[in-house]
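K.L.:
next one to model:
(chains A, B, C and D)
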Protein chains: 2
Amino acid sequence: MARRRAPGFEIQREQILAEAALLFAQRGYASTSMNEVAERCGVSKPALYHYFKDKNELLAFICEEHLARLKAVVLEVEALGLDPEPAIRLMIRRFVEEYADAQNEHRVLTEDVKFLASEDRTRVLEGERFIVRALAAAVARMRPDLDAAGLVKPLTMLLFGMINWMFTWFKSGRRVTHAAMAPIVADLFFGGLGAVVETAPLALESEGDKDGSSRCGLDR
Amino acid sequence: MARRRAPGFEIQREQILAEAALLFAQRGYASTSMNEVAERCGVSKPALYHYFKDKNELLAFICEEHLARLKAVVLEVEALGLDPEPAIRLMIRRFVEEYADAQNEHRVLTEDVKFLASEDRTRVLEGERFIVRALAAAVARMRPDLDAAGLVKPLTMLLFGMINWMFTWFKSGRRVTHAAMAPIVADLFFGGLGAVVETAPLALESEGDKDGSSRCGLDR
DNA sequence: CCTACCGATCGGTAGG
DNA sequence: CCTACCGATCGGTAGG
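P.N.:
Here you go, the predicted structure:
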């Protein structure tokens, strides 16, 4: 019969994941050693291997738990049944809040995915695509004309560029800071959508595909 | 008297840098071995160390040559003496073209700067700040009201987010593809600027600093 | 003495 | 859960 897990097992796991995310974000996954992770967590290396079977599992948990929170945001906002623009504004705000609370995890997700074992990497990239599809669908509902022009996916990715890139330059600071950026991003995006539609179809006239699938992939 | 260098020396250096940039972009700097770089270039490892004194120098050259081209773009556009909006539009277009021609180098610059020796890293980050300052100055000239509200630097960084993030999702394809994205980014940015000014000062009213220096750093 | 390399191996350290 | 290790591979350099 399997023995019960110690009550602090899950808590210890989460603490280790947080410390590992910090180290991976600072030094990169490949150049962080399991010795460093163990030392930072105040546990022996064999103890570390008690909580996670190998270095890849550490990386996979960091990425997947962060991604699970982002997916939950999408599902919660969709459940409210808002119109497209307020729904997208709320998602932007919730994403920025989530990133602010998990800056290390976010950096690991964006920079270290390439080090994941291929099955884990596939699952993580599919999770990212789920989130992008949700945003893109809301943009398409709001502006069917842009959808018809094949511009929704590229524009959605530009929106992700703004918010994903924020945490490479934002000084880690007070929460109000991050909160203030969300409406600015949203205003820039919605204000800019009106200007895009006039010139873009001209620029793309030589392209044959309407859905833009040959122009951009939503994965890497 | 120093002997002349073999005529192919510089050509060989550039070929090695291009191959190293590809490997670093694909696998990350830390997990690419000098053996792999040498093998990919078809030279022995001692020969590789003949062209570059160590692994860090390889990384430093990749980053600094790419950055030098971006700085050259800034200086060339500034020399034209255009009005702010056409100047920024042209810079966006030239940046996108430059990124399209140097996708590996661009990815190395954005993801592997943390592995540079500290003196090299300092110089590279100063080069990045030069480019950001040039863009931000043009935005400020165009919209002094946004400058007074302390929003120019954050907005400039959102613009960089759009174009820097493009090459994490864009499928490597035909040149026309990248060229078509530049005016879309510019339209989204300029179209959005008008919408930002109305609501942002409200969102930031509790902040005390006018220049936004406590809110965002333009380095990492 | 120099350069432009080669085959072989150095001292240390990685993940496990 | 510890000390003590392993197979392998790391960045860099020896002699010729």
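K.L.:
element containing residue A:109, please.
P.N.:
helix A:103-111 (DSSP states H and E).
K.L.:
now that helix: buried residues?
P.N.:
Residues A:103-111 are the ones in helix A:103-111 that count as buried (16 or more other CB atoms under 10 Å in any protein chain shown). All C-beta atoms are positioned from the backbone trio N, CA, C, and that covers glycine.
K.L.:
is that helix positioned near chain B?
P.N.:
Yes: using CB under 8 Å from any CB of the partner chain, we find that helix A:103-111 touches chain B at A:110-111.
K.L.:
before we move on, back to that, dump the buried residues of helix A:103-111 to CSV, plus distance to residue A:82 and pLDDT.
P.N.:
Output for those, formatted as CSV (distance: CB to CB, whole Å; pLDDT from 0 to 100):
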residue, distance to residue A:82, pLDDT
A:103, 27, 93
A:104, 31, 94
A:105, 27, 95
A:106, 25, 96
A:107, 30, 94
A:108, 31, 95
A:109, 26, 95
A:110, 28, 94
A:111, 33, 94
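K.L.:
quick one: stretch A:122-135 to chain centroid distance?
P.N.:
In terms of CA atoms, centre = their mean, to the nearest Å, the centre of stretch A:122-135 is set 9 Å apart from its chain centre.
K.L.:
make TSV from the buried residues of helix A:103-111 and add distance to DNA strand D to it.
P.N.:
Shown next, in TSV, are the buried residues of helix A:103-111 (distance: CB to the nearest atom of the strand, whole Å):
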residue	distance to DNA strand D
A:103	28
A:104	25
A:105	25
A:106	27
A:107	22
A:108	21
A:109	25
A:110	23
A:111	18
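K.L.:
relative to residue A:146, which of those is nearest.
P.N.:
Ranked by distance to residue A:146 (CB to CB), the buried residues of helix A:103-111 are led by residue A:110 at 26.0 Å.
K.L.:
how about the contacts made by the closest one?
P.N.:
A:164, B:168 (CB atoms under 8 Å, 6 or more residues apart in numbering or on different chains).
K.L.:
and the gap between the closest residue to DNA strand C within chain A and residue A:42?
P.N.:
Nearest residue of chain A to DNA strand C (CB to the nearest atom of the strand) works out as residue A:33 at 2.7 Å. For residue A:33, the distance to residue A:42 (CB to CB, to the nearest Å) stands at 16 Å.
K.L.:
and the two? Which one has more around it.
P.N.:
residue A:33 (13 against 10; other CB atoms under 10 Å in any protein chain shown).
K.L.:
pLDDT score for that one?
P.N.:
What the model reports as pLDDT for residue A:33 is 90.
K.L.:
okay but residue A:177 is in contact with residue A:170, surely?
P.N.:
Yes: judged on CB atoms under 8 Å, residue A:177 makes contact with residue A:170 at a distance of 7.2 Å.
K.L.:
which residues sit against stretch A:58-72?
P.N.:
A:13, A:16-17, A:20-21, A:24, A:29, A:37, A:52, A:95, A:98, A:102, A:105-106, A:108-109, A:112-113, A:115-117, A:120, A:123-124, A:127-128, A:130-131.
K.L.:
need the buried ones from the residues you listed selected in ChimeraX.
P.N.:
Buried members of the contacts of stretch A:58-72, defined by 16+ other CB under 10 Å, are picked up in ChimeraX with:
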select /A:16,17,20,21,24,29,37,52,95,98,102,105,106,108,109,112,113,115,116,120,124,127,128,131
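K.L.:
so what's the residue of chain A found nearest DNA strand D closest to, chain neighbours aside?
P.N.:
DNA strand D sits closest to residue A:44 of chain A, with a gap of 2.2 Å, by CB to the nearest atom of the strand. Spatial nearest neighbour of residue A:44, chain neighbours left out: residue A:38 (6.1 Å); criterion: CB to CB, 6 or more residues apart in numbering or on different chains.
K.L.:
tell me the SS of the one you found?
P.N.:
helix (DSSP: H, G, I helix; E, B strand; the rest coil).
K.L.:
burial count for it?
P.N.:
19.
K.L.:
quick one: the helices in chain A?
P.N.:
A:9-27, A:34-41, A:45-51, A:55-79, A:84-101, A:103-111, A:118-142, A:144-148, A:152-169, A:175-203 (DSSP state H).
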